[in-house]
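In: sequence first, then the predicted structure:
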Amino acid sequence: MEKISGVVIECVKGDITSQPDVTAIVNAANAQLRRGGGVAGAIHRAAGPRLEEECRPLAPIKPGEAVITGGYDLPNCYVIHCLGPVYGVDKPEDVLLANCYRNALKLAEKQGIDSIAFPAISTGAFNYPVAEAAKIAFKTVVEMIPELENVKRIRFVVHSSRDFDIHKEVLSRTLDQG
């Protein structure tokens, strides 16, 4: 856990749908905002069918875009859905990935959300290399901190031990570079 200008940044190994102490979780969504595999499937299963009903008129979204819905049966008030870039397909993928984090934080801020949990967007089926994606995520979040008035806790939730170790190392390096 690190604190920058009053904002806590942390990285945990776990399940994005089991973060009861954060107000919003982020869905690594598909363009149609439907139940899918990976993070999207887990979030939709945990939230229940009303989530997909609310998502339907908001779709499709483009890479880098974010939309917000209720959390329904999740322990969180909100779900912010971001469509990450497919590595090697959606260009420029680094800008699009950074936009996911930037746009999610802007939505959270606008909604008055105090805490948010992110998955490792685009690193699953979209094949973004984990270390490179983590570097973009942490750099973007740190750059956004001066603009945040409401968001005071930003958590990164990663599923595997390998990805958790990579994220911890990249976060440490990002903060050391200031």
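Out: Right, received. Where do you want to start?
In: name the helices or strands packed onto the helix or strand of the chain with the lowest mean pLDDT?
Out: The helix or strand of the chain with the lowest confidence, counting by mean pLDDT, DSSP states H and E, is strand 2-4 at a mean of 90. Counting contacts by 3 or more CB pairs under 8 Å, 6 or more residues apart in numbering; DSSP states H and E, strand 2-4 packs against strand 7-13, helix 161-177. Bear in mind the C-beta positions are built from the backbone N, C-alpha and C, glycine included.
In: how many neighbours does residue 150 have?
Out: 15 (other CB atoms under 10 Å).
In: looks like it contacts residue 115 (just checking).
Out: No. Residue 150 sits out of contact with residue 115 when judged by CB atoms under 8 Å, with a separation of 9.5 Å.
In: and residue 26, helix, strand or coil?
Out: strand (DSSP: H, G, I helix; E, B strand; the rest coil).
In: I'd say it and residue 115 touch.
Out: No. Using CB under 8 Å, residue 26 makes no contact with residue 115, being 11.6 Å away.
In: more neighbours: which of the two?
Out: residue 26 (30 against 20).
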